[in-house]
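**Student:** quick one: sequence and predicted model below, then my questions.
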There are 2 protein chains.
Amino acid sequence: MDSVNYPELLSNKLLFERTRLLILSYLMGQENQTAPFMEIQKNLNLTRGNLSVQIKKLEEAMYLTIKKEFKDNKSHTTAKLTPAGMKALKSYLSDVEALLSNLK
Amino acid sequence: MDSVNYPELLSNKLLFERTRLLILSYLMGQENQTAPFMEIQKNLNLTRGNLSVQIKKLEEAMYLTIKKEFKDNKSHTTAKLTPAGMKALKSYLSDVEALLSNLK
């Protein structure tokens, strides 16, 4: 018998997309769970378009908040992980850990 | 600075689909890495159609092999994880572990 309840695992479809999972994980590892848009794009090697689309979906789910401001006459956008985003990410990762623990 | 090389992580798109990841993980946890089709369908709570489609994709990638035989006049299909499938799954899971290890 398996101790893992497979149908319950990884049911959060929003996180089952590589870019979205990486964005949340990246933010989670940053000071104050916040990072500039440009830094995320560079470090995750994403196109501006893909990052914009995925960030918007994560914002709609209230997993992160976006802040736009002007710095030296340039627009500067940052994303910050919310407690809900953190919870979703932790839940996703603990599901993967459950899978891992079951492997012989 | 981050020690995790995000662009390199989870680049195997074939495994970035919930059902496929669960199928491989399930097989990995079974005796001889083999399970009957019906058992996988039941324990992962999948529709017959979804399981067929995803099993076929995994077979095409040579991550598993399908064996059909007759038992008591009933067709009996089993799936077995291949070494390539095992390698892909382990690589995927170690990437998730790398993400986990980076979280503050």
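**Tutor:** Thanks, I have the structure now.
**Student:** enumerate every residue touching residue A:16.
**Tutor:** A:10, B:16, B:17, B:18 (C-beta atoms under 8 Å, 6 or more residues apart in numbering or on different chains). (Each C-beta comes from the backbone N, C-alpha and C, glycine too.)
**Student:** neighbours of the nearest residue to residue A:98 once chain neighbours are set aside, how many?
**Tutor:** Spatially, and ignoring its direct neighbours in sequence, residue A:98 is nearest to residue A:4 (5.6 Å; C-beta to C-beta, 6 or more residues apart in numbering or on different chains). Residues lying near residue A:4 (other C-beta atoms under 10 Å in any protein chain shown) number 18.
**Student:** likewise for residue A:59?
**Tutor:** 15.
**Student:** show me what the nearest residue to residue A:70 once chain neighbours are set aside is bridged to.
**Tutor:** Leaving aside its sequence neighbours, residue A:70 sits nearest to residue A:76 (C-beta to C-beta, 6+ apart; 6.8 Å). Beta bridges link residue A:76 to residue A:69, judged by DSSP bridges.
**Student:** ok, residue A:76 to chain B distance?
**Tutor:** Applying C-beta to the nearest C-beta, to the nearest Å, the value for residue A:76 to chain B is 20 Å.
**Student:** now list the buried members of the contacts of residue A:16.
**Tutor:** Using 16 or more other C-beta atoms under 10 Å in any protein chain shown as the burial test, those include A:10, B:18 as buried.
**Student:** show me the strands in chain A, by range?
**Tutor:** A:34-36, A:64-71, A:74-81 (DSSP state E).
**Student:** save those as CSV, and put in mean neighbour count and distance to residue A:47 too.
**Tutor:** As requested, the strands of chain A are exported to CSV (neighbours: other C-beta atoms under 10 Å in any protein chain shown; distance: least, C-beta to C-beta, whole Å):
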stretch, mean neighbour count, distance to residue A:47
strand A:34-36, 17, 17
strand A:64-71, 12, 18
strand A:74-81, 16, 16
